[in-house]
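Enquirer: Pasting a predicted model and its sequence here:
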Amino acid sequence: MESLSLQSFHVKGLNYRSKFNLANNPSEFRAINQVGFDHFLRQRCKRLCFSVRCQSFSGKNEGGVSSSADGSSSAIEEQRNEGHFGQLIGPVKDASGSIVSFNLYSQSGDGKSNVFLDLEKPNENDKEEKISSGSPSSFVFERGVIKESEVEKILEETIVEGEDKTVAKSKLSVVFVTAEAAPYSKTGGLGDVCGSLPIALAERGHRVMVIAPRYIHGTAADKVYAGAFDANCRIKVNCFGGEQEVAFFHQYRDGVDWVFVDHPSYHRPGNPYGDSFGAFGDNQFRFTLLCHAACEAPLVLPLGGYTYGEKCLFLVNDWHAGLVPVLLAANYRPYGVYKDARSILVIHNLSHQGVEPAVTYDNLGLPPQWYGPLEWVFPEWARAHELDKGEAVNILKGAVVTADRILTVSQGYSWEITTVEGGYGLHELLTSRKFVINGIINGINVSEWDPSNDAHIAAPYSIDDLSGKAECKAALQKELGLPVKPDCPLIGFIGRLDYQKGIDIIQAAMPELLGDDVQFVMLGTGVAKYESWMRETEARYKDKFRGWVGFSVPISHRITAGCDILLMPSRFEPCGLNQLYAMRYGTIPVVHSTGGLRDTVETYNPYAVGPDGSGTGTGWGFAPLAKDSMLSALRNGLKTYREYKGSWLGLMKRGMQQDFTWDSAAAHYEQVFEWAFTDPPYC
């Protein structure tokens, strides 16, 4: 008897084999027929995520559908002869041409044949290699003995041996709207969040779509979109005085639908927001298109065979996506569309708000009566001249008013945005909505940032064997041309060279700091005067200072692994990632106590008794942001490094034990999702 074998992949890269023994009955497999086999599996199996395609009907592993001369499958004919009643009526393809499901049909009406699911590890005698994400394992259809009423229970209770991953209580259709999503586009933390959090949520059972522009630069960087295919869906949106046509490209990867809005305005050199001459003058137009397209995508794109539909949860990130909640309230809900949808505004950096002259409101595609939520008036001191009324539209303000809930990327930052200093003019409005504001610390990609398996560093190491860290330090000193001194503290800085990052504080403190027996390395690019200062300082302190003008991912990994201390004197830091990377690599962070830095770095207390008996804390925080307080924190760190080796080892290990995974962050996001659906939507 031949069986139908389907290939699939497990997102965590574990090779398990599932056997679905079935002979179809129309009443029992209505759900599979309606939504497709791929979605049925992904929705029902809590810990698995599959992309299904036909492997073989004949057992010859041909990798495709073999058909008889009359167009029907030869396997189906054989199954008929063997007494099997199920038929496979052709594959269902998505816009990219990938087979995502199969239509099943039954000729039997006796209702006696049912479904059985058995999930098991591959036999040790199997010659299949342990696979990475994207490799195949098989699913076999035969006959079974379990009724339809038991199918969902069996699938829900499926457990992958070796996995201990908590899954969502309720599964949602989550739509991220963002200007950046790594690895497709990234200028900072926003790209990291929108490139990693969606995958973590998909692993927990949600259906997740990420919508971002399709940036085409005319360079080799465009190859990141090679896996995204034209979805053959064009829509027209009304904004900027007429109908604007956009297209969609789609890639299904890591359990997530990555959707890219295509328009000529996204095809130009530079980063997502500007080039060497400054910010693009049509950014309001470009991101208005993104928002309109994002509202339409769940309704018009049949991804995996069916659309996301109206009951979505939109996660709108920063001002670039800020029109989405306004559009939902103004253009959709009054007409009965998206009445069950919710929106959550995620603020990564409040200092950018999408403010443009008031006359541009008519370009946004909103009804005239909705001007109020976006209305913005500059104070007199900020106006250009006496005749300037200061009238403007503020897209982020509109999102703050209309979003169902508001999130920031740390608990500390959720409070700071309600203060005069951190609110950038929106503090009073945000204070009025503080009952729906929460902060959740970002996660990090623990696969990319793993000292035990990092291709960029000189030697691997772990919390159980730290010997490789000394090798990384020596290799970094040698690479930078610094004297190889194992006992000399090596301090690092990685970040933009601008005022926000506190470069002026580092500049003021450097002569006094380098008077000590230390070495210092800086990696970054930004304001020209700081780049020049780095070059001058390197020439003056040849054996103590190195400044790398520019940015290199491999070098950032080597600095993180090779340094003893990472310095972050940021004026404000909504979350910060470098301090999280540093702790994972056993490098001690010294940070200004602001935003996410204060939330993630606990100042070392040698007098407290921790679990390891060496005190508590993972680094040093300092305040206020001044040269003397920063130097004081650094001197405490240097003294501990030189004189209290046991305490230093405890600091390293406590930092490496911190849980900053995206799965942990995703669990907190799910709690906010639940709260968002508790209250009625904004109208």
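Expert: Great, that's in hand.
Enquirer: ends of stretch 263-271, how far apart?
Expert: 16 Å (CA to CA, to the nearest Å).
Enquirer: 852 is where my numbering starts, stick with that
Expert: Yep, numbering from 852; the last one is stretch 1114-1122 now.
Enquirer: In this protein, where is pLDDT below threshold?
Expert: The chain contains residues with pLDDT under 70 at 852-1020, 1461, 1463-1464.
Enquirer: Kindly recompute the last result at 80.
Expert: Scanning the chain for pLDDT under 80 picks out 852-1021, 1460-1465, 1534.
Enquirer: what's near enough to touch residue 1043?
Expert: 1033, 1037, 1293, 1295, 1296, 1428 (CB atoms under 8 Å, 6 or more residues apart in numbering). For glycine as for every other residue, the C-beta is placed from the backbone atoms N, C-alpha and C.
Enquirer: Kindly report the same for residue 1382.
Expert: So residue 1382 contacts 1348, 1376, 1400 (CB under 8 Å, 6+ apart).
Enquirer: Identify the bridge partners of the last one.
Expert: According to DSSP bridges, the partner residues bridging residue 1400 are residue 1375.
Enquirer: Can you tell me how far it is from residue 1048?
Expert: Remark: distance between residue 1400 and residue 1048 (CB to CB, to the nearest Å) = 32 Å.
Enquirer: Pick out whichever of the two has more residues nearby.
Expert: residue 1048 (27 against 17; other CB atoms under 10 Å).
Enquirer: Secondary structure element holding the more buried one?
Expert: Secondary structure from DSSP states H and E places residue 1048 in helix 1040-1054.
Enquirer: End to end on stretch 1221-1230, go ahead and measure it.
Expert: 22 Å.
Enquirer: Other residues contacting that stretch?
Expert: So stretch 1221-1230 is in contact with 1177, 1180-1181, 1206, 1209, 1212, 1215, 1217, 1239-1246, 1248-1249, 1252-1253, going by CB under 8 Å, 6+ apart.
Enquirer: Go again with 10 Å.
Expert: The contact list for stretch 1221-1230, computed with CB atoms under 10 Å, 6 or more residues apart in numbering, reads 1173-1174, 1176-1178, 1180-1182, 1204-1207, 1209, 1211-1213, 1215, 1217, 1234-1235, 1239-1253, 1276-1277, 1533.
Enquirer: Give me the subset of the residues you listed that lies in strands.
Expert: 1206, 1207, 1242, 1243, 1244, 1245 (DSSP state E).
Enquirer: Give me the buried entries from these.
Expert: Restricting the ones in strands among the contacts of stretch 1221-1230 to buried positions leaves 1206, 1207, 1243, 1244, 1245, with burial counted as 16 or more other CB atoms under 10 Å.
Enquirer: Next one: the first one from residue 1213, what distance?
Expert: Computed as CB to CB, the residue 1206 to residue 1213 distance reads 16 Å.
Enquirer: next one: residue 1264
Expert: 34 Å.
Enquirer: For the two, indicate the residue with more neighbours.
Expert: residue 1264 (29 against 14).
Enquirer: thinking the more buried one is in contact with residue 1421, fair?
Expert: No. The criterion here is CB atoms under 10 Å, and residue 1264 misses it with residue 1421 at 11.5 Å.
Enquirer: Contacts only, for the closest residue in space to residue 1134 that isn't next to it in sequence.
Expert: In this structure, residue 1134 finds its nearest non-sequential neighbour in residue 1124, 6.3 Å apart by CB to CB, 6 or more residues apart in numbering. Neighbour list for residue 1124: 1030, 1031, 1038, 1130, 1131, 1134, 1137, 1138, 1171, 1203 [criterion: CB under 10 Å, 6+ apart].
Enquirer: Nearest spatial neighbour of the fourth one, chain-adjacent residues omitted?
Expert: In space, residue 1130 comes closest to residue 1124 once its chain neighbours are excluded; the distance is 5.7 Å by CB to CB, 6+ apart.
Enquirer: what do you get for the second one?
Expert: Using CB to CB, 6+ apart and skipping residues adjacent in sequence, the residue nearest residue 1031 is residue 1042, 3.7 Å away.
Enquirer: so who does the one you found touch?
Expert: 1029, 1030, 1031, 1032, 1033, 1034, 1035, 1036, 1063, 1123, 1168, 1199.
Enquirer: farthest pair in those?
Expert: Farthest-apart pair in the contacts of residue 1042 is 1034 and 1199; separation 17.9 Å (CB to CB).
Enquirer: Which one's more surrounded, those two?
Expert: More crowded of residue 1034 and residue 1199, by other CB under 10 Å: residue 1199, with 24 against 9.
Enquirer: Can you pull the phi/psi pair for the more buried one?
Expert: The phi/psi pair for residue 1199 (degrees, to the nearest 10) reads phi -100, psi -30.
Enquirer: just checking, it touches residue 1038?
Expert: No. Assessed by CB under 10 Å, residue 1199 is found out of contact with residue 1038, at 11.1 Å.
Enquirer: Could you tell me which residues touch both of the two?
Expert: Common neighbours of residue 1199 and residue 1038 (CB under 10 Å, 6+ apart) are residue 1031.
Enquirer: Contact partners for residue 1184?
Expert: 1178, 1190, 1191, 1192, 1532, 1533, 1534.
Enquirer: buried residues in stretch 1276-1296?
Expert: Buried, per 16+ other CB under 10 Å, within stretch 1276-1296: 1276-1278, 1281, 1284, 1287-1296.
Enquirer: What of stretch 1217-1231?
Expert: 1217, 1221, 1224, 1225, 1226, 1227, 1229.
Enquirer: Now intersect the residues you listed with the helices, please.
Expert: 1224, 1225 (DSSP state H).
Enquirer: and which of the buried residues of stretch 1217-1231 is nearest residue 1506?
Expert: Checking the buried residues of stretch 1217-1231 one by one against residue 1506 (CB to CB), the nearest turns out to be residue 1227, at 42.2 Å.
Enquirer: And for that closest one, nearest residue in space, chain neighbours not counted?
Expert: Closest to residue 1227 by CB to CB, 6+ apart is residue 1245, at 3.7 Å.
Enquirer: wouldn't residue 1180 be in contact with residue 1252 here?
Expert: Yes. Look at residue 1180 against residue 1252 with CB under 10 Å: they come within range, at 9.0 Å.
Enquirer: which residues do those two both contact?
Expert: 1221, 1224, 1533.
Enquirer: if we can go back for a sec, need the buried residues of stretch 1217-1231 in TSV (columns: distance to residue 1272).
Expert: As requested, those are exported to TSV (distance: CB to CB, whole Å):
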residue	distance to residue 1272
1217	32
1221	31
1224	25
1225	24
1226	24
1227	19
1229	18
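Enquirer: which one of the buried residues of stretch 1217-1231 sits closest to residue 1101?
Expert: residue 1217 (27.9 Å).
Enquirer: Against residue 1379, how distant is that closest one?
Expert: Distance from residue 1217 to residue 1379, by CB to CB: 40 Å.
Enquirer: repeat for residue 1528
Expert: 49 Å.
Enquirer: ok, now residue 1531?
Expert: 52 Å.
Enquirer: Over to residue 1514?
Expert: For residue 1514 relative to residue 1379 (CB to CB), the value is 41 Å.
Enquirer: what's the answer for residue 1120, then?
Expert: 20 Å.
Enquirer: what do you get for residue 1056?
Expert: On the measure of CB to CB, residue 1056 and residue 1379 end up 49 Å apart.
Enquirer: So if I had to pick from these two, which one is more boxed in?
Expert: residue 1056 (24 against 10).
Enquirer: all strands for the stretch 1352-1501 of the chain, in order.
Expert: Assigned by DSSP state E, counting those that start in this stretch, the strands in the stretch 1352-1501 of the chain fall at 1370-1375, 1396-1400, 1416-1419, 1439-1443, 1471-1473.
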